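Visitor: pasting the sequence and the predicted coordinates here, then a few questions.
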Amino acid sequence: QVQLVESGGGLVQAGGSLRLSCAASGRTFSTYTMGWFRQAPGKEREFVAAISWSGGVIYYADSVKGRFTISRDNAKNTMYLQMNSLKSEDTAVYYCAATRSINTVSYTQYTTWGQGTQVTVSS
């Protein structure tokens with residue numbers, strides 16, 4: 001089973017960019033579907049983006065489509081989330097997660113989670 005560690009969060013002005021990374025331990029990273037989720041204060045955790053083990057299948061939430069890009073480098077055991085044109089409503093703790101399920105966007109299907117990284121967008 002993999003262990004996940006997010007990094008790259010911070011404070012950015014609206015319209016700016018950030019790149020989140022999710023580093024995974026273990027040799028089986030390339031066999032997992034990976035996802036990004038976020039949770040704002042007082043709100044439920046919501047799906048942001050997911051990527052299949054090969055990178056060939058990608059899903060985005062409508063709220064981030066066209067602004068965020070998910071990618072992975074299996075040789076480096078790392079997944080990324082490039083976030084552009086950030087808005088104040090993107091402010092949240094961002095979590096990366098792994099699942100053996102095939103290409104799912106449901107957080108209930110993800111079995112391994114990182115500790116989260118805070119993204120704050122000032123308007």
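Guide: Sure thing, it's come through.
Visitor: residues contacting the closest residue in space to residue 58 that isn't next to it in sequence?
Guide: Nearest non-adjacent residue to residue 58, counting by CB to CB, 6 or more residues apart in numbering: residue 51, 5.2 Å away. C-betas here are computed from N, CA, C, even on glycine. Taking CB atoms under 8 Å, 6 or more residues apart in numbering, we find residue 51 in contact with 33-35, 57-59, 70-72, 79.
Visitor: and these, which of them are in helices?
Guide: Cross-referencing the contacts of residue 51 against helices under DSSP state H gives no overlap.
Visitor: out of these, who's nearest residue 92?
Guide: Using CB to CB, residue 35 is the member of these that sits closest to residue 92, with 14.4 Å.
Visitor: distance of the residue nearest to residue 58 relative to residue 121?
Guide: 23 Å (CB to CB, to the nearest Å).
Visitor: in this protein, which spans are strands?
Guide: 4-7, 10-13, 18-24, 33-39, 46-51, 58-60, 68-73, 78-83, 92-99, 112-113, 117-122 (DSSP state E).
Visitor: in TSV, list the ones you listed along with distance to residue 105.
Guide: Output for those, formatted as TSV (distance: least, CB to CB, whole Å):
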stretch	distance to residue 105
strand 4-7	18
strand 10-13	25
strand 18-24	16
strand 33-39	7
strand 46-51	5
strand 58-60	5
strand 68-73	12
strand 78-83	15
strand 92-99	10
strand 112-113	15
strand 117-122	20
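Visitor: export the ones you listed as TSV, with columns for mean pLDDT.
Guide: Below are those laid out as TSV (pLDDT from 0 to 100):
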stretch	mean pLDDT
strand 4-7	98
strand 10-13	98
strand 18-24	98
strand 33-39	97
strand 46-51	97
strand 58-60	96
strand 68-73	98
strand 78-83	98
strand 92-99	97
strand 112-113	96
strand 117-122	98
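Visitor: got the contact list for the residue nearest the centre of the chain?
Guide: Centroid check for the chain by CA atoms, centre = their mean gives residue 36 as the closest residue, at 2.3 Å. Applying CB under 8 Å, 6+ apart, one finds that residue 36 lies in contact with 20, 22, 48-50, 70, 79, 81, 94-97.
Visitor: many thanks, we can stop here.
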